[in-house]
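1. Dropping a prediction and its sequence here:
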Amino acid sequence: MRIGITIIYAAALSFLGLGSETGYADWGQMVAMCRNWIVGLPENRLAYWYVVFIPGFTIALFVLGWNLLGDAARHVFDPRMRRK
């Protein structure tokens, strides 16, 4: 049930540099490496929008999927939820 928030914590710690070692594929490290490109070039601020959007959107979809799966499992296995 708490897998989604665990993924968020792992990505946040990795973004701050407290997660896994550098060189491993990690969503938090991907966003941290793209930190300098968030604002973009002065001529075109949105030139590299996808560099930060793709890992962030992937984290959001992954966490949403685990939360929906956990909610469905609770509805199936919780006897109090079956009565409603």
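-> That came in fine, so what should we check first? Numbering: from 1, shown residues only.

2. Identify the residues contacting the spatially most central residue of the chain.
-> Central residue of the chain (C-alpha atoms, centre = their mean): residue 59, 2.3 Å from the mean position. Residue 59 sits next to 7, 8, 11, 27 when contact means C-beta atoms under 8 Å, 6 or more residues apart in numbering. (C-beta placed from N, C-alpha, C; glycine too.)

3. one more time with 10 Å, if that's ok
-> 4, 7, 8, 10, 11, 12, 27, 28, 30, 31 (C-beta atoms under 10 Å, 6 or more residues apart in numbering).

4. can you check residue 22 too?
-> Taking C-beta under 10 Å, 6+ apart as the definition, contacts of residue 22 comprise 14, 29, 32, 33.

5. Just to check, the third one is in contact with residue 56?
-> No. When contacts are counted by C-beta atoms under 10 Å, residue 32 is not listed as touching residue 56 (11.7 Å).

6. Neighbour count: these two, which is higher?
-> residue 32 (18 against 15; other C-beta atoms under 10 Å).

7. Burial check on the closest residue in space to that one that isn't next to it in sequence, number of neighbours?
-> Closest residue to residue 32 apart from its sequence neighbours, by C-beta to C-beta, 6 or more residues apart in numbering: residue 15 at 4.8 Å. If you count neighbours by other C-beta under 10 Å, residue 15 ends up with 19.

8. pLDDT of the strand or helix carrying residue 15, averaged?
-> Taking DSSP states H and E as the criterion, residue 15 maps to helix 3-16. Mean pLDDT, computed over helix 3-16, is 88.

9. by contact count, what packs against that helix?
-> helix 27-33, helix 49-77 (3 or more C-beta pairs under 10 Å, 6 or more residues apart in numbering; DSSP states H and E).

10. could you dump the shortest one to CSV, C-alpha only?
-> Put plainly, it is helix 27-33. Provided in CSV are the C-alpha atoms of helix 27-33 (Å, rounded to 0.1, in the frame of the first residue of the first chain):
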residue,chain,number,x,y,z
TRP,A,27,14.7,8.9,-11.7
GLY,A,28,15.9,11.3,-9.0
GLN,A,29,19.3,11.4,-10.6
MET,A,30,17.9,11.9,-14.0
VAL,A,31,16.0,15.0,-12.8
ALA,A,32,19.1,16.2,-10.9
MET,A,33,21.3,15.9,-14.0
